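Asker: Whatever this is, show me its structure:
(one chain, ligands or ions: 1)
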Amino acid sequence: MPFRVEPGKPVHVAIIGAGFTGSLCAVHLLRRLPPGSRVSLIDRTGRFGPGLAYGTSNAAHLLNVRAANMSAFPDVPGDFVLWLWRRDLPGLGHADIPPSGHAFVPRGVYGRYVAETLSEARVAAATRGVRLDLLGQDVTDLWESEAGARLLFAEGGELEADAVVLCVGNFPPELPVADGSACDGPRVIRDPWDQPALDRIGADDPVIVIGTGLTMADMLLALDGRGHRGPVTALSRRGLLPAEHAQTVPGRMDLDAAPRTALGLLRWVRGAIRDGQPWRAVIDALRPATAAIWRDLPPVERRRFLRHARPYWEVHRHRLAPEVAARIAAARGSGRLTVRAGRIQALHADARGVRLTVRDRAGGVGRLDADWLINCSGPQADYARVRDPLVRRLLDRGIVHPDPLGLGLEVDGNLALVGAAGPSRRLFALGPPTKGAFWEITAVPDIRTQVAEFAAWLAGQP
Ligand SMILES: Cc1cc2nc3c(=O)[nH]c(=O)nc-3n(C[C@H](O)[C@H](O)[C@H](O)COP(=O)(O)OP(=O)(O)OC[C@H]3O[C@@H](n4cnc5c(N)ncnc54)[C@H](O)[C@@H]3O)c2cc1C
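Answerer: The predicted structure is shown next:
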């Protein structure tokens, strides 16, 4: 039987990771746990709320979801817009954010919203005798026993808890290079969020960006913000750029009639567009049912979807704020940004720069040289290849398994982590590590629902 809170019995829940997912999990548990309970929210960065996505101080880094859809609470859809109106920040006040919430605000502002939501929940919970401890620690191992769970910190301390929730988010990307080329060197920036590494790029240095998605767009804006003027070449297998947001409302799809094959789904979506619905409305209409559609697809069809449709799904589903799309278009128009389609055959890097051999989709082979390479190929979701010490130890001891599609960790229907001995009683995961089970568990509107439902379940409430 999985661990669940018994009515009135105080518990201690430890949450590893204090980005959006872990912080929101803490907020819900603080509201729901019985008096005398404790929540320990642990993050190695010592920051609580913003996480990787919303910790940027670059005002050009905008949310890629309109403010109307960014409430932290599925049952209070206007919460973020109301927060913006109350704070009345310059350029983001009542006069600037329309009641429709169709506005794309800086991600750093959203980080403030999450942090404040957490602080308010902490104060309110204290009046009920429920405590939140914020621990700036790196968890390097954990064990589960009949009586509870024990966490080990890099600095040496330990913590005991009744249940542990892994909210560890995304891991840095791996370079998509298979031939054992010399991929390391001072000119290869493997982690796009490594700020000091970006600072080393000279104003006129040519740069290659691996990946043409949202992170590539972020990188271009980050380089602009540092005064970079040199040429940027963005490379991905298909050279597809994310589409742009437009004001739209979800369309009408009979979600119960969703086909159970990848090809069937593609035809179903295309059919709705052919029948006159705007493509954005069709994609948005699928949102509430995406996890259920994914769950109902047989494994072979999930694989087929990943192999053939994934890149097209990503660029239509995860779109660019119009302001960002305009800057990308301007950079392409001026020749500063070139987008190329091709597969990396070889990568050689040394102290002076990087050289890529690229095979294009027609089979031609060409060379790309630059002073720097930034890897924006998307987070490493294949846990078999994740190097993080905690993840490695849990995998090595069979406490967790990578999910069969290489998208995250295997979880059961209660979000309990599944290892060699079956589902854990006390270890759970939320957010991006559960992508294998949910598929769309990347953005706030999906994560907030998962977190709210899980916290209610763990707290023994309907
Ligand atoms: C750049 C970027 C922009 C995005 N923009 C949007 C957007 O505009 N709208 C939207 O809806 N979604 C967006 N997303 C998607 C989504 O909101 C985020 O992925 C989401 O915030 C995930 O949060 P998280 O808490 O699960 O992960 P993270 O934010 O990655 O947080 C995980 C935390 O866990 C900590 N941690 C990990 N391991 C340990 C350990 N062993 N010990 C201690 N601490 C540990 C890390 O330090 C980190 O702070 C964006 C994602 C990214 C990456």
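Asker: for the protein, what are the low-confidence residue spans?
Answerer: Within the chain, the stretches with pLDDT under 70 are 178-183.
Asker: Tell me, how many residues neighbour the closest residue to the ligand within the stretch 151-300 of the chain?
Answerer: The nearest approach of the stretch 151-300 of the chain to the ligand comes at Gly169, 2.2 Å away (CB to the nearest ligand atom). C-beta coordinates here come from the backbone N, C-alpha and C atoms, glycine included. Look at Gly169: counted by other CB atoms under 10 Å, it has 20 neighbours.
Asker: Show me which residues of the protein sit near the ligand.
Answerer: Contacts of the chain with the ligand, taken as CB under 6 Å from any ligand atom, map to 16-22, 42-45, 51-53, 63-65, 107, 138-139, 167-170, 218, 390, 431-432, 442-444.
Asker: sorry, back to before: next, give phi and psi for the nearest residue to the residue of the stretch 151-300 of the chain closest to the ligand once chain neighbours are set aside.
Answerer: Among residues not flanking Gly169 along the chain, Gly19 sits closest, at 5.0 Å (CB to CB, 6 or more residues apart in numbering). With angles defined as degrees, to the nearest 10, Gly19 sits at phi -80, psi -160.
Asker: number of nearby residues for Gly19?
Answerer: For Gly19, the count of nearby residues is 27 (other CB under 10 Å).
Asker: my guess is it contacts Leu52, does it?
Answerer: Yes: using CB atoms under 8 Å, Gly19 makes contact with Leu52 at a distance of 6.0 Å.
Asker: What residues does Phe438 make contact with?
Answerer: 291, 294, 446, 450 (CB atoms under 8 Å, 6 or more residues apart in numbering).
Asker: Give the buried residues for the helix or strand where the second one lies.
Answerer: Same thing as Trp294. In the assignment (DSSP states H and E), Trp294 maps to helix 290-296. Counting neighbours by 16 or more other CB atoms under 10 Å, one finds that the buried residues in helix 290-296 are 290-291, 293-294.
Asker: Please flag which of the residues of the chain next to the ligand sit within strands.
Answerer: 16, 42, 139 (DSSP state E).
Asker: that older thread, mind checking how far the helix holding Trp294 is from the chain centre?
Answerer: How far helix 290-296 lies from its chain's middle: 19 Å, per CA atoms, centre = their mean, to the nearest Å.
Asker: Quick check: next helix or strand after it?
Answerer: Next element after helix 290-296 (DSSP H and E): helix 299-304.
Asker: how about the CA coordinates for the helix ranked longest in the chain, as CSV?
Answerer: The longest helix of the chain (DSSP state H) is helix 107-126. Once non-C-alpha atoms are left out, helix 107-126 reads as follows in CSV (Å, rounded to 0.1, in the frame of the first residue of the first chain):
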residue,chain,number,x,y,z
ARG,A,107,9.8,34.9,-17.0
GLY,A,108,11.7,36.4,-14.1
VAL,A,109,8.4,38.2,-13.1
TYR,A,110,6.7,34.8,-13.1
GLY,A,111,9.5,33.5,-10.8
ARG,A,112,8.6,36.3,-8.3
TYR,A,113,5.0,35.2,-8.5
VAL,A,114,5.9,31.6,-7.6
ALA,A,115,8.2,32.6,-4.8
GLU,A,116,5.5,35.0,-3.3
THR,A,117,2.9,32.3,-3.6
LEU,A,118,5.1,30.0,-1.7
SER,A,119,5.9,32.6,1.0
GLU,A,120,2.1,33.4,1.5
ALA,A,121,1.4,29.7,1.8
ARG,A,122,4.1,29.4,4.4
VAL,A,123,2.7,32.2,6.5
ALA,A,124,-0.9,30.9,6.3
ALA,A,125,0.2,27.3,7.2
ALA,A,126,2.1,28.5,10.2
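Asker: Show me what it is packed up against.
Answerer: Helix 107-126 sits against helix 20-32, helix 79-87, strand 131-135, with contacts defined as 3 or more CB pairs under 8 Å, 6 or more residues apart in numbering; DSSP states H and E.
Asker: Could you double-check that the residue of the stretch 151-300 of the chain closest to the ligand lies in contact with Ile16?
Answerer: No: the pair Gly169 / Ile16 is not scored as a contact, 10.1 Å apart, by CB under 8 Å.
Asker: that older thread, return every residue with contacts to both of Gly19 and Leu52.
Answerer: Gly169.
Asker: Would you map out the domains in this protein?
Answerer: Taking automatic domain parsing as the criterion, the chain consists of the domains 12-61+106-171+381-458, 188-243+319-375, 255-317.
Asker: How far does the last one stretch from one end to the other?
Answerer: For domain 255-317, the separation between the terminal residues is 17 Å (CA to CA, to the nearest Å).
Asker: Also stretch 253-265?
Answerer: 12 Å.
Asker: repeat for stretch 149-158
Answerer: 10 Å.
Asker: which of the residues in that stretch are buried?
Answerer: So for stretch 149-158, counting by 16+ other CB under 10 Å, buried means 149-153.
Asker: one step back: would you put the C-alpha positions of the helix holding Trp294 in CSV?
Answerer: Output in CSV follows, covering the C-alpha atoms of helix 290-296 (Å, rounded to 0.1, in the frame of the first residue of the first chain):
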residue,chain,number,x,y,z
THR,A,290,-3.4,15.0,-24.1
ALA,A,291,-2.4,12.9,-21.1
ALA,A,292,-5.4,10.6,-21.6
ILE,A,293,-4.8,10.3,-25.3
TRP,A,294,-1.2,9.4,-24.6
ARG,A,295,-2.2,6.9,-21.9
ASP,A,296,-4.6,5.2,-24.4
